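In: Here is a sequence together with a model predicted from it:
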Amino acid sequence: MGQFKEVTAVEQFDMYEFRRVMGTFPTGVVIITAMDASGQALAMTVGSFVSVSLEPPLIGFLPTKTSSSWAALRNSGTTKFGVNVLGNHQEDVCRAVAGRKTNKLDGFEWTLSEHGSPVLQDAVAFIDCDTHSISDAGDHDWVMGSVLDLYTMSTNLPLLFFRGGYGSFAPGSMAINTEISVEVLRQLDLVRPHMERLAADLVTEISLMTLVDGELINVAAVGIPQRRRSSSRVGIHVPFMPPIGGVFAAFGGPEAEELWFSRIHEDTDPEVRADFEAGLENVRRRGCAYGIGHAAGEAIELQAHGAYVSKDPEERKHLEAVVNDAAETFNIVDVERDQDYEFHSATAPVFDRDGVCIFSMTAWGSDGLTSGGDVLAILERLKRTADTATQNLKFRSL
């Protein structure tokens, strides 16, 4: 890169030009929280949060030295602080914390973390920290924190700061790069172009799941969600249990089907189990699975994520109840061309060169009603795309 050149006072550029150029780089937005000795919740909006080190786990942020919010946090009497990663629905929280002098969290729901820092409700993620070091960084301080605990809390897209305003982003194409084998990743790369074309044709989000150790993992997503509550599904785990993952149960062989049915709660009503059995046969007959009913489908998604994140047995029981309530909305209804439906999603299998169902490809519906004719057209287009992806895997893998 050559020799570094010292910049003299004469050569320094205008501070406004510095801000303008730096403003072309979008940053995430977090709220740093702590409790002072009197029990008052403290908070500060930060756009300079960064992951620093994996071993040991360290994070960092850079508050302005003249910030009164930073002074309150630094003089709070505790070394503990929390990092709340804001979602794209939390601009009001961000602006309130940035604009208020005191009582920054008034009007917003929060709880205390295990280590005593405020956790904002509905944040995307939370990181519990202890102060590692504070050092000089020009007109800012460089604060590093040792990570004590961390967890995700919702699947909402993150809030971003860009060119003086707040917003988010529409993920055009995202793929997970951990938790699955190199071979599956290689095949994922071959399938993604087919997903991208389908997303463009249907003008919606297309996602891909795989089955790993009895858990379904969302490994990729492309396109733009057509729901008001958009979120990133990539990396989210959901349990392999009726009616979730019906494509793998229908086309994954006897062992997959047996595992799927074994996950039904022992107290499940016999009529509900009968719905699951009938639904599975419908998936085989139609060549795809689909869900009708927005509320039921979204309830399963939300509760499945919560059960995975918390690992709480009670959360799992709640999930089983939500799933049972949704039995009649998955794979039971025969779509009629001249009727309207709350089309939630449709899923088709993608097979590898050995005929193993390696992925399930899902097309997501939009809010409101969709005509039966449009639903049937989506199902056929989805199945053709999944078949084409299967052929690609078969011949490209030889």
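Out: Cool, the structure landed.
In: can you count the residues close to residue 261?
Out: Neighbours of residue 261 under the rule other Cβ atoms under 10 Å: 15. For the C-beta atoms, the positions are set from N, CA and C on the backbone; glycine is no exception.
In: how about the closest residue to it other than its chain neighbours, what does it touch?
Out: Distance criterion Cβ to Cβ, 6 or more residues apart in numbering; nearest residue to residue 261, sequence neighbours excluded, is residue 242 at 6.8 Å. For residue 242, the contacting residues are 249, 260-261, 263-264, 276, 279-280, 323, 327, by Cβ atoms under 8 Å, 6 or more residues apart in numbering.
In: So which of those is surrounded by the most neighbours?
Out: Most neighbours among these, by other Cβ under 10 Å: residue 249, with 28 neighbours.
In: Determine the three-state secondary structure at the nearest residue to residue 37 once chain neighbours are set aside.
Out: Excluding the flanking residues, the one nearest residue 37 by Cβ to Cβ, 6+ apart is residue 77, at 4.0 Å. Classification of residue 77 using DSSP: H, G, I helix; E, B strand; the rest coil returns coil.
In: In this structure residue 77 contacts residue 35, no?
Out: No - the pair residue 77 / residue 35 is not scored as a contact, 9.0 Å apart, by Cβ atoms under 8 Å.
In: Tell me which of those two has more neighbours.
Out: Neighbour count, other Cβ under 10 Å: between residue 77 and residue 35, residue 35 has more, with 20 against 9.
In: follow-up on the earlier one: before we move on, what's the pLDDT of the residue nearest to residue 37?
Out: Here, the pLDDT recorded for residue 77 equals 92.
In: ok, now how distant is it from residue 147?
Out: According to Cβ to Cβ, to the nearest Å, residue 77 stands 21 Å off from residue 147.
In: ditto for residue 366
Out: Residue 366 sits at a distance of 39 Å from residue 147 (criterion: Cβ to Cβ).
In: Can you pull the phi/psi pair for the residue nearest to residue 37?
Out: When read as degrees, to the nearest 10, the backbone of residue 77 gives phi 90, psi 0.
In: how many other residues sit next to residue 181?
Out: 10.
In: per-residue pLDDT, it?
Out: Looking at residue 181, its pLDDT stands at 80.
In: Spit out the contact partners of the closest residue to residue 86 other than its chain neighbours.
Out: Nearest in space to residue 86, with sequence neighbours left out and distances taken as Cβ to Cβ, 6+ apart, is residue 159 at 4.2 Å. Counting by Cβ under 8 Å, 6+ apart, residue 159 makes contact with 28-29, 86-88, 90-91, 94, 166-168.
In: For the stretch 51-200 of the chain, which residues score under the pLDDT cut-off?
Out: For the stretch 51-200 of the chain, applying pLDDT under 70 flags the ranges 155, 163-164, 169-179.
In: Okay, helices next: where are they in it?
Out: Using DSSP state H, counting those that start in this stretch, the helices assigned to the stretch 51-200 of the chain run over residues 68-74, 91-99, 182-202.
In: need those in TSV with mean neighbour count and distance to residue 237, can you?
Out: Formatted as TSV, these follow (neighbours: other Cβ atoms under 10 Å; distance: least, Cβ to Cβ, whole Å):
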stretch	mean neighbour count	distance to residue 237
helix 68-74	17	34
helix 91-99	17	27
helix 182-202	17	15
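In: can you redo those as a markdown table with distance to residue 332?
Out: Formatted as a markdown table, the helices of the stretch 51-200 of the chain follow (distance: least, Cβ to Cβ, whole Å):
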| stretch | distance to residue 332 |
| --- | --- |
| helix 68-74 | 54 |
| helix 91-99 | 40 |
| helix 182-202 | 24 |
